[in-house]
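Participant: quick one: sequence and predicted model below, then my questions.
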Amino acid sequence: MKLEYYLSIMNRIHNTQNGTTITRLTPAGCNIWVVTRNDRTIIVDTGISFDRSRIERALKRKGIIPEAVILTHTHFDHAGNAAWLQAEYGTGVVVQEAESAMLAAGDTPIPEGTYTFTRGMIGIGRKMQPAFRYDPCVAEHVFNDQFDLNRFGINGYVMHTPGHSPGGATVVIDDETVIVGDLVVGTMPGSPFPPFADDVTLLLNSWKKIIDTGYRPILPGHGRPISREELIKEYDKRK
């Protein structure tokens, strides 16, 4: 994809061919994606808890009242404000069943490192694990394989894509665009492969699932969008 296209997304907006708008709310530990169609809105991921005031200001400034929060996974930098959004806006929370108990406990298990330098960080991360706790949240919607978003006015669904974490989830909008959380990253130089993953084999299986859909662009939980071509190239190197 062209540089201008990447910039258009990171400058906060993408429109699908079916008329859904996907906006990046604000950097807040992770990319928080706002998905809107016909005045109905959901958000994907919630950022880190100490960025709550900035997130609240952004929501109020843009007049956003989300009907639902879709969690791509329940690590602290993605689920840190789920309980607050639930209480403040009456927002329904959607999570894959393998991580519903983690969300209810406000717990962040530390995944394994996938690069030499991140493998070396795991011991430190596990010692710091109590600092990664967040407000517990009991999700209204817990799914296994797939969850339909049409109940919230959004043409799309959520599918189970484990690998980075056991209950990893990908949001598919208009059979066109995918929001993948940390299954893919846009921050590593020269590679979309995430620096941390519970199970690399499952992760690559989930990549194949996304590649086979043909959907694009791929919107990650951190950094810039990833093209389908980039994902295929990296998958072919690692499979």
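Facilitator: Happy to help now that I have it.

Participant: any idea which residue sits dead centre in the chain?
Facilitator: Gly181 (2.7 Å; C-alpha atoms, centre = their mean).

Participant: just the pLDDT for it.
Facilitator: On the pLDDT scale, Gly181 is placed at 97.

Participant: next: the one 10 residues further on.
Facilitator: Here the pLDDT value assigned to Ser191 is 92.

Participant: and what of the one 10 residues further on?
Facilitator: With respect to pLDDT, Thr201 has a value of 97.

Participant: that one and Phe147, how far apart?
Facilitator: 24 Å (C-beta to C-beta, to the nearest Å). Where you see a C-beta, it was placed from the backbone N, CA and C, and this is true even at glycine.

Participant: need the contact list for the nearest residue to Glu67 once chain neighbours are set aside.
Facilitator: Once flanking residues are discounted, Glu67 sits nearest to Phe152: 4.8 Å by C-beta to C-beta, 6 or more residues apart in numbering. By C-beta atoms under 8 Å, 6 or more residues apart in numbering, the contact list for Phe152 reads Arg40, Ile42, Glu67, Ala68, Gly92.

Participant: using CSV, write out every CA atom in the longest helix along the chain.
Facilitator: Taking DSSP state H as the criterion, the chain has its longest helix at helix 200-213. Listed next in CSV are the C-alpha coordinates belonging to helix 200-213 (Å, rounded to 0.1, in the frame of the first residue of the first chain):
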residue,chain,number,x,y,z
VAL,A,200,3.8,-19.4,17.9
THR,A,201,2.2,-22.4,16.2
LEU,A,202,-1.3,-21.2,17.0
LEU,A,203,-0.3,-17.6,16.1
LEU,A,204,0.8,-18.7,12.6
ASN,A,205,-2.4,-20.7,12.2
SER,A,206,-4.3,-17.6,13.0
TRP,A,207,-2.3,-15.6,10.5
LYS,A,208,-3.2,-18.2,7.9
LYS,A,209,-6.8,-17.8,8.8
ILE,A,210,-6.6,-14.0,8.2
ILE,A,211,-4.6,-14.4,5.0
ASP,A,212,-7.1,-16.8,3.6
THR,A,213,-10.0,-14.3,4.1
